[in-house]
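K.L.:
Structure, please.
(2 chains)
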Amino acid sequence: MSEWWSSGLGIVMVGTALLAGSAGVIGSFAVLRRQSLQGDVVAHAALAGVAAAFLAGARSPFGLLLGGAVIGWITLTLASRLHHHSRLPLDAVQGGIMAMGFGLGLALLQHILTHVPDAGRHPLDRYLLGQAAQLRNSDVQMIAGVSMLTLAVVAGFWPQWKLLAFDPEYAAGLGLPVRWLDWGLTTLTVAVVVIGLKSVGVVLITALLVAPAVAARQWTNRLGTMVILAGLFGALSGMSGTLLAHLLGQQVSIPTGPTIVLCASGWVIVSLGAVRVQQWWYRWVAQRRSRRA
Amino acid sequence: MPELELACVLAVASAACAVPGVFLVLRRMALVSDAIGHTLLFGIVVAFFIVGDLDSPLLLVGAALTGLVTVILVESLQRNRRVKADAAIGLVFPFLFALAVTLVSLGARNIHLDVDAVLVGQPEYALLPRWHWRELAIPPVVILGGVAALNLLLCLLFYKELKVTTFDPEWARILGYSPALMHYGLMAVVSLTAVAVFDAVGPVLVVGYFVLPALTGLLLSRQLLGVLIWAVGVGIVGSILGTLAAAHWNANAAGSVATALGLLLALAFLISPYRGWLAQLWRRHRQRRSLEEILLLVHLYQHEGTAAEATEAAIPDLYRHLDWPADRVAQVMERTLHHGYVQREGNLLRLTPAGRQQAQQVYGNIRPESTSEPGGCSPSASSPSIPPQTAQE
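P.N.:
Next comes the predicted model:
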């Protein structure tokens, strides 16, 4: 083993790959249903949940993230209820509530720093941008558990999700419990976003849902292929991003979230470029053919 | 008194954001302000690497330009058939933000540009003098005030144009206004405002300052001017309340102001006379009551003068014919008696002329008067019998 490699790095890479892979899978549905920014709302609001859980006495990562998940889920429901009852535009309501949750989280963080004696030993501000280097075995086990659960649920109810993604009215007409399915997909999104908080952070996790899915969408028109490709793109971004942060960060500490997002965005740029090249190629072939004719 | 100064800074910031925020929300572009807030960091970092001076006003120019670049990037992505509007926003801002954070971590090692500190708005910084112009130290709050004034001025000057292009872009084009010009003008104003409030608010909370007061205004007024006034007022009140709360609990002021703005939105949603939750409950309650009264009147009207009236209109039997619980029948009867639509005649409940008119208004809509020809409900026969009041309802 060369000197930059360590078994800790391997564990971290497995963790981020699993995380970004399952985010890609779930994100495909979010993108197709035009709810790409759902994850953004959950993540920002989850900061308030993490801080509140800390104030309530939770210290384990699981307890903190559970707080984040609960608040994230409540926020999402609140936004959709408010939109439904007040007829205010949904995007604005989501943006506003997201900022409110994040603001509350920031306010609580500062309060914790000054008022809770053992706050220094638990760097909560790592949740802002993520520090994958601090992932431990237990964290990776949690990530693995949630990822497996996500994949199992997606595979288990595949026809239902497919119908929900493309034609929810028809699904309702067939008698599928659309509300429950919707609820299930939201819950899975919340779960994936929240387990990603520690490695990618609240500000950037939305990119892990959106970028692999958009990149995969460029290559195919089939849902199955898209979901698998998105998972693959996500997993590769997670691994390469972690590695990048590790290599760049030999002297300074670099948050992993941004590097993973940069890798995922790289896939989008490559995919968009590939589509463009393909268009040029088709046009060129068509021109040649018409010239010959 | 430091709290007072902080409250002033944040009040000016939220007033500056509230005015363009209303138009952003109305144009369904609220999340563009979120994207701009995040990408400003990228502009500031790039400008810093070019200029090499953290206190140069050129950083602001760079940031403002990035806002426009963000909008153009998002729009060009949306032109791709396979990238939807929400996904385009979700792609652009994390990318530029991640790039900015990585650059800061890599390159800005030896200068004071702490990532976590940049993420969190620090209203205290806005008070420190930062730019120097001919021996004159200018704190950012002066620029903030200038931008707020500029926004108000532009809003007043282009009020008509903004209004038309926001609510009916096609009509605006026919009138000779340019929706595209207004669109990019608004985007430029949003970028400039976001830059001005960046110090005080930070990149992530910007969207809240734009959107939350605007949403509150939309709940509280149905006129554009009223919405704008409410939004600015709510922004100022929220800033003061938030700063006081922050001082009390020793919390971050920018964050607690965002929370206060959100709570004010929740309050407005509860008590707004137009779209508020309580108003909706009350309206539904009143509708149910009046529907019950109408049903009773129509029931009586249907059997008026027929042989069955003696049983159908008998007060003790009413609950069976209407299929209601007995106590509800009693309540509805009490109310219709009070309104003077019915009167008691021994055991029977009979319509008064006013009650008959009410029943006819509803009943006439459903079927024409003449029941002699079943199913012969020609539109020409029925439409004149619709009274104008119900047609308007």
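
K.L.:
which regions of the stretch 1-150 of chain A sit below the pLDDT cut-off?
P.N.:
Across the stretch 1-150 of chain A, the stretches falling below the confidence threshold (pLDDT under 70) are A:1-5, A:7.

K.L.:
Which positions in it make contact with chain B?
P.N.:
Taking C-beta under 8 Å from any C-beta of the partner chain as the criterion, the stretch 1-150 of chain A approaches chain B at residues A:31, A:34-37, A:40, A:44, A:82, A:85-89, A:91-100, A:102-111, A:114-115, A:125, A:128-129. Yep, even glycine has a C-beta here, placed from its N, CA and C like the rest.

K.L.:
For ChimeraX, what selects the buried ones among the residues you listed?
P.N.:
This is how ChimeraX selects the buried members of the residues of the stretch 1-150 of chain A next to chain B, with burial counted by 16 or more other C-beta atoms under 10 Å in any protein chain shown:
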select /A:31,35,36,37,40,44,82,86,88,89,91,92,93,94,95,96,97,98,99,100,102,103,104,105,106,107,108,109,110,111,125,128,129
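
K.L.:
Next, check the residues of the stretch 1-150 of chain A next to chain B against the helices and list the overlap.
P.N.:
The members of the residues of the stretch 1-150 of chain A next to chain B that map onto helices under DSSP state H are A:31, A:40, A:44, A:82, A:85-86, A:91-100, A:102-111, A:114-115, A:128-129.

K.L.:
Quick check: buried residues in the one helix or strand B:Leu281 maps to?
P.N.:
Following DSSP states H and E, the helix or strand that holds B:Leu281 is helix B:277-302. By neighbour count on 16+ other C-beta under 10 Å, the buried set for helix B:277-302 is B:277, B:292-294, B:296-301.

K.L.:
moving C-terminal of that helix, what's the next helix or strand?
P.N.:
Scanning forward in sequence from helix B:277-302 by DSSP H and E, the next helix or strand is helix B:309-312.

K.L.:
so what secondary structure elements neighbour that following helix?
P.N.:
When contacts are defined as 3 or more C-beta pairs under 8 Å, 6 or more residues apart in numbering or on different chains; DSSP states H and E, helix B:309-312 sits against helix B:277-302.

K.L.:
so how far is stretch A:102-113 off the chain centroid?
P.N.:
Between the centre of stretch A:102-113 and the centre of its host chain there is 23 Å, according to C-alpha atoms, centre = their mean, to the nearest Å.

K.L.:
what sits up against that stretch?
P.N.:
Surrounding stretch A:102-113, the residues in contact under the criterion C-beta atoms under 8 Å, 6 or more residues apart in numbering or on different chains are A:44-52, A:54-55, A:119-120, A:124-125, A:202, B:120-121, B:204-205, B:208, B:246, B:249-252, B:254-259, B:262.

K.L.:
phi, psi of the most far-flung residue of chain B relative to its centre?
P.N.:
Taking C-alpha atoms, centre = their mean as the measure, the residue most remote from the mean C-alpha position of chain B is B:Ala307, 57.0 Å away. Reported as degrees, to the nearest 10, the phi and psi values for B:Ala307 are phi -70, psi -30.

K.L.:
Also B:Val204?
P.N.:
Backbone phi and psi, for B:Val204 under degrees, to the nearest 10, turn out to be phi -90, psi -30.

K.L.:
Centre of the chain to the helix holding B:Leu281, how far?
P.N.:
Taking C-alpha atoms, centre = their mean, one finds helix B:277-302 lying 30 Å from the centre of the chain it belongs to.

K.L.:
Ok, stretch B:180-196 next?
P.N.:
Remark: stretch B:180-196 is offset 20 Å from the chain centroid, using C-alpha atoms, centre = their mean.

K.L.:
Tell me the buried residues in that stretch?
P.N.:
Taking 16+ other C-beta under 10 Å as the neighbour-count basis, stretch B:180-196 is seen to contain the buried residues B:182-183, B:185-196.

K.L.:
Kindly check the end-to-end length of stretch B:174-181 for me.
P.N.:
Its first and final residues considered, stretch B:174-181 spans 15 Å by C-alpha to C-alpha, to the nearest Å.

K.L.:
which parts of that stretch are buried?
P.N.:
Applying 16+ other C-beta under 10 Å to stretch B:174-181 flags B:177, B:179 as buried.

K.L.:
Residues touching that stretch, excluding its own?
P.N.:
Outside stretch B:174-181, the residues that touch it by C-beta under 8 Å, 6+ apart are B:161, B:164-165, B:169, B:172-173.

K.L.:
likewise stretch B:143-150?
P.N.:
The set of residues that contact stretch B:143-150 without belonging to it, under C-beta under 8 Å, 6+ apart, is B:9, B:12-13, B:15-16, B:60, B:126, B:189, B:192-193, B:196-197, B:200.
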